[in-house]
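*Asks:* just a sequence and a predicted model for now, questions to come.
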Amino acid sequence: MAFNPVKERRYGEPKEVVARVFEEVGGIPEVMNLLELSRTRVYALADPDSSNEISYARIARLTESGATAAAQHLAALAGGIFVPVDKAADANWLSLAGDASRGNARNIAALMDSLGETERSPGVVDQQEAREILKLLDEQLGVLALQRAKLTAIAAGEVPDETGQTDG
């Protein structure tokens, strides 16, 4: 079996989530440093053709270093969504609205493309299309959850509202 660090990984599968975690902490060199592992060992942890698995303790270490992909994946498996709440207070409303609008447009376009009969699609959502749409939808849910977290913090008086006021 040839070693290929850029093998295709299907969205939402464990090795794909591990690859996203690695990207979020700064790439392979940073993962090697944080986990004190060789380059070959780190690549094997995200290689879909390798039986090597990453431990929970190592995922926790990478999550502490800023990666959220594993938390998002586990939350989705548990039927929920995860958004780091500490980002909510600093979130810019205009940026969030733009992100939400663009995400919604991508979701609708992807569904319309999948449901319309074309050369690429028979008019139903197949497994690969579902994975692609899930990726877009997960991004969109993250933006919406961030908006909700910011509103919740304002409503609870934990951060000032847009006028600078908090309920005491």
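*Replies:* The structure has been received and is ready for your questions.
*Asks:* show the low-confidence segments of this protein, by residue range.
*Replies:* 1-6, 85-91, 118-122, 160-168 (pLDDT under 70).
*Asks:* helices along that one, start to end?
*Replies:* All helices of the chain, identified by DSSP state H, fall at 14-24, 28-35, 39-46, 56-64, 69-77, 93-115, 127-155.
*Asks:* out of those helices, which one sits most buried?
*Replies:* helix 14-24 (a mean of 20; mean count of other C-beta atoms under 10 Å). No exception for glycine: its C-beta is placed from N, CA and C like everyone else's.
*Asks:* list of residues touching that helix?
*Replies:* Identification of contacts with helix 14-24 by C-beta atoms under 8 Å, 6 or more residues apart in numbering yields 9-10, 28, 31, 42, 45-48, 53-54, 59, 62-63, 66-70, 73.
*Asks:* returning to what we had before: save the helices of the chain as TSV, and put in distance to Val83 too.
*Replies:* TSV is the format used below for the helices of the chain (distance: least, C-beta to C-beta, whole Å):
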stretch	distance to Val83
helix 14-24	14
helix 28-35	23
helix 39-46	24
helix 56-64	14
helix 69-77	8
helix 93-115	11
helix 127-155	4
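*Asks:* nearest to the middle of the chain, which residue? Look it up for me.
*Replies:* Among the residues of the chain, Ala69 comes closest to the average C-alpha position under C-alpha atoms, centre = their mean, at 4.7 Å.
*Asks:* Arg102 versus that residue, what's the distance?
*Replies:* Note on Ala69: its distance to Arg102, by C-beta to C-beta, to the nearest Å, is 21 Å.
*Asks:* could you do Gly142 as well?
*Replies:* Distance from Gly142 to Arg102, by C-beta to C-beta: 13 Å.
*Asks:* cool, and Val31?
*Replies:* 30 Å.
*Asks:* ok, Asp113 next?
*Replies:* 16 Å.
*Asks:* likewise Glu8?
*Replies:* Taken as C-beta to C-beta, the span from Glu8 to Arg102 is 25 Å.
*Asks:* residue contacts, the nearest residue to Ala70 once chain neighbours are set aside?
*Replies:* The shortest distance from Ala70 to any non-neighbouring residue, by C-beta to C-beta, 6 or more residues apart in numbering, is to Ile59 (4.9 Å). Counting by C-beta under 8 Å, 6+ apart, Ile59 touches Val18, Val21, Ala70.
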